[in-house]
Structure formats: C-alpha cells, structure tokens
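Engineer: no FASTA, just this:
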Ligand SMILES: O=C(O)c1ccc[n+]([C@@H]2O[C@H](COP(=O)([O-])O)[C@@H](O)[C@H]2O)c1
Ligand SMILES: Cc1cc2nc[nH]c2cc1C
C-alpha cells in the first residue's frame, strides 16, 4: 500500500494553475491584494487539476494517538496516562479540538495507533461509521478507530522505537484513514495528534531529516523547566547518536526515532496527496511527519498547507525545509489539530474567492 500510494503522488497541474492565475487577475480587487491567499488558491487549483478547485467545505480532523517509551527518560512533565485520558475527552467532545471543530463544522476521528493504557471508552462511531461531516445539523460526533500497533513505542535511547514493520503498519493506517475520510466526502484533511512525550521524537525526526543540531530542533513541549529542557536536548542527541538514522530511508528514520502517531501522520499526508486533497498541517508533530512524507514522495509537499506556526522551534525548522509559510502564528503549542482548525476558514476563503467574486467585466468595475 505504501509503494502504491507513493507512486500515485504526482506534480501540480500547470494548466489549472495558469487558469487560476488568470482568473485571479480578473477579479474585482487590486492584483495581489489577497496576499498569500492568491498563491494558495492557485496551488489548490493545481492540486485538484481544475479551476476553480472544489471549495473544501467538508473538513475532517484525524487525531492520531500513541504513547512513547522515551517518556521513561523524564522528557515530559505529564504522566503517560494523560494520553488515554485525553482520547476519552476527545470522544466526549470536551477538548479544545472539539470546540474548534464544532466552530469549523469539521468531523473528528481519533485513531488509536498505540496508546499504552487500555482506553477508558467504548468504541463510538457516527451514523455511517465515518463520523458526521460538515453540513450536518448536529455538531460532529467524534469517533474512535482502534488500530493499536503496539502499546507505545520502545525507548529510542535504548533501542529502535519500532521495528520497520511496525513503522510501515502505522504509515499504512494513516494512508487508509486518509482514504476513508476522502471516500466519506471530506474535501480537506486536517492533522491532529495526542501523545504525552511526542515532542521528543518530533524533535529527533526534525534533526534527522534536516541535519540541524538537537538543540535547534528541540522545544519545551507541554512546558518543561530549564534543567529538563537541557536534559531533553541530550535525550534527542543520544537517540540520534545511537541510531544515526539515514534521511534517505524515511521508514528507517521513523522506526528508529519516531512515534506511532508520527508514522501514521506520515501516511495520512501521503494518502491525502495521492488523492489530490489538501492536508492542513497542525503543529510540530505534524510537520515532523510531513518531513518524512516529503522524503518518501517530494511531490507530496504540493498537497500540504501549514495551518500555523507552533511555538516549538523545531516546527519553524521543518516548515523552512518544506518551503511552507504558516497561515497563522498565534504562539499555539497544544496539538490535537487546534491550529489547523483555526486556519481552515483561511483555506476555504482562498478557494471561495475563485468561485464567488465578480470579475471587473461582469461587475462593470473600471480597471486602472
Ligand atoms: O502541536 C504542537 O506543536 C505541540 C507542541 C507542544 C505540545 N504538544 C502536545 O503536547 C503533547 C506532547 O508534549 P510533551 O511535552 O509531552 O512532549 C502531545 O499530546 C502534543 O499534542 C503539541
Ligand atoms: C492536558 C493536555 C492536553 C493535550 N492536548 C494535546 N496534548 C496535550 C497534552 C496535555 C497535557
């Protein structure tokens, strides 16, 4: 499945992009006045292969949840049980992501790829098993997909976080869930993540794929104090020294120093790109996974939209490498998909312009 997905990812459609640029030039606004939204609309036309591209009014957030053996190194102030407890909170509709998803009219799907504790929740599913997408009269009903691969990764400072097979399975869970959401009608996919300690593997992935020093890739995550922050950098450095991951072998990098949700998010991004649907990236975990996706398939970057700039310094390193400019920059560092959800109206607005704004000719507005 991974190889077929990579093979299905191609470049942007140049003729649709040319048509979108020409249409932008005829709309009733000074040329360039919509700034980054104009180039975004052109790119989404190229992704869809049509001008205008479809308005992505059915949005789906996928929150990939997993635990991390490296938590044993005391890199997070939070107990590991919080991962499963927050999954229960997502399913009950009580987390920030739920509030933002209700506001945006987006569906929420939680995919357990390796939460260590038994989840204190029963499986729940929307009426059609695919969640309730935008346009439904009721707020979205969050649903759980249970595909645990192992009960958290191994401690990457001691051994590889996962086997290559486990990493591949996680990537393929991500691909499959992207496909299911697109089949259910989603026109845009949003990344979400939950996993206590997951900013540590995110930092290791960013250092491995970009070559920056561990100190540049590592941040304070949920908020560690100064001594713990210095220790966290050393943990990332030790893992990289132990495994010397090869950035040309993304599956090997994910297996050595990644996380189950990072690998699944890699697949989710690849799956979106293969279906030519935009994927709105959330924070540092998503952009670390996006680096892996770009290593598997460089053209997948064309489907990526950076929702926001996480406060984690590694996120900026990763976005720079990917050549992506984040749509919003509010100092968020929550994860869950919250930054992507806040950026969603910016993306839909960019496309809606191509559908709804009058041309100088049609509106009888004089040109300069
Ligand atoms: O999205 C981000 O950029 C982000 C930045 C810092 C923390 N987080 C979230 O906080 C958790 C990981 O933080 P930590 O300190 O335990 O590594 C995990 O559940 C992430 O979703 C997320
Ligand atoms: C409470 C809490 C909520 C979160 N949401 C995403 N990561 C999180 C980490 C914590 C600790």
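Structural biologist: All right, it came through fine. Here the structure is a predicted model, which is why all the values come from computation and not from measurement. Ligands and ions are numbered 1, 2, ... in the order given.

Engineer: end to end, how far does stretch 348-364 reach?
Structural biologist: 26 Å (C-alpha to C-alpha, to the nearest Å).

Engineer: outside of that stretch itself, list whatever touches it.
Structural biologist: If you take C-beta atoms under 8 Å, 6 or more residues apart in numbering as the criterion, stretch 348-364 is touched by 20, 23-24, 26-29, 34, 37-38, 40-41, 44-45, 51-57, 188, 365-367. In this view, the C-beta of every residue, glycine as well, is placed from N, C-alpha and C.

Engineer: how about stretch 8-24: buried residues?
Structural biologist: Buried residues in stretch 8-24, counted by 16 or more other C-beta atoms under 10 Å: 9, 12, 13, 16, 17, 19, 20, 23, 24.

Engineer: between these, which is closest to ligand 2?
Structural biologist: residue 9 (29.1 Å; C-beta to the nearest ligand atom).

Engineer: quick check, stretch 330-349 touching ligand 1?
Structural biologist: Yes - part of stretch 330-349 sits near ligand 1 under the criterion C-beta under 6 Å from any ligand atom, namely 333, 334, 335, 336.

Engineer: around ligand 2, which positions in the stretch 201-350 of the chain sit nearby?
Structural biologist: 222, 334, 335, 336.

Engineer: sorry, that was for the stretch 1-150 of the chain
Structural biologist: Residues of the stretch 1-150 of the chain lying close to ligand 2 (C-beta under 6 Å from any ligand atom) are 78, 82, 86.

Engineer: list the strands paired with the worst-scoring helix or strand of the chain on mean pLDDT, with their directions.
Structural biologist: Using mean pLDDT, DSSP states H and E, strand 143-146 stands out as the lowest-scoring helix or strand of the chain, at a mean of 92. According to DSSP bridges, strand 143-146 forms sheet pairs with strand 107-114 (parallel).

Engineer: for the residue in the stretch 1-150 of the chain that ligand 1 sits nearest to, give me its contacts.
Structural biologist: Of all residues in the stretch 1-150 of the chain, residue 76 sits closest to ligand 1, at 3.2 Å by C-beta to the nearest ligand atom. Contact analysis of residue 76 by C-beta under 8 Å, 6+ apart lists 196, 197, 199, 200, 221, 222, 224.

Engineer: would you list these in JSON lines and tack on secondary structure and pLDDT?
Structural biologist: As requested, these are exported to JSON lines (DSSP: H, G, I helix; E, B strand; the rest coil; pLDDT from 0 to 100):
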{"residue": "196", "secondary structure": "coil", "pLDDT": "98"}
{"residue": "197", "secondary structure": "coil", "pLDDT": "98"}
{"residue": "199", "secondary structure": "helix", "pLDDT": "98"}
{"residue": "200", "secondary structure": "helix", "pLDDT": "98"}
{"residue": "221", "secondary structure": "coil", "pLDDT": "98"}
{"residue": "222", "secondary structure": "coil", "pLDDT": "98"}
{"residue": "224", "secondary structure": "coil", "pLDDT": "96"}
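
Engineer: next, format the residues you listed as JSON lines and append neighbour count and distance to residue 328.
Structural biologist: Listed next are these as JSON lines, based on neighbours: other C-beta atoms under 10 Å; distance: C-beta to C-beta, whole Å:
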{"residue": "196", "neighbour count": "27", "distance to residue 328": "25"}
{"residue": "197", "neighbour count": "28", "distance to residue 328": "26"}
{"residue": "199", "neighbour count": "33", "distance to residue 328": "20"}
{"residue": "200", "neighbour count": "27", "distance to residue 328": "25"}
{"residue": "221", "neighbour count": "24", "distance to residue 328": "20"}
{"residue": "222", "neighbour count": "15", "distance to residue 328": "21"}
{"residue": "224", "neighbour count": "20", "distance to residue 328": "25"}
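
Engineer: so which of these is the closest to residue 211?
Structural biologist: Nearest to residue 211 among the contacts of residue 76 is residue 200, at 18.3 Å by C-beta to C-beta.

Engineer: how close does that closest one get to ligand 1?
Structural biologist: For residue 200, the distance to ligand 1 equals 6 Å [C-beta to the nearest ligand atom, to the nearest Å].

Engineer: residue 296 now?
Structural biologist: Remark: distance between residue 296 and ligand 1 (C-beta to the nearest ligand atom) = 22 Å.

Engineer: show me what contacts that residue?
Structural biologist: So residue 296 contacts 2, 6, 250, 251, 266, 270 (C-beta under 8 Å, 6+ apart).

Engineer: do that again at 10 Å, thanks
Structural biologist: By C-beta atoms under 10 Å, 6 or more residues apart in numbering, the contact set of residue 296 is 2-3, 5-6, 9, 171, 250-251, 254, 266-267, 269-270, 273.

Engineer: how about residue 19?
Structural biologist: Contacts here follow C-beta under 10 Å, 6+ apart; on that basis residue 19 touches 13, 42, 45, 46, 50, 51, 52, 354.

Engineer: surely it is within a strand?
Structural biologist: No - secondary structure of residue 19 (DSSP: H, G, I helix; E, B strand; the rest coil): helix, not part of a strand.

Engineer: no further queries at this time; thank you.
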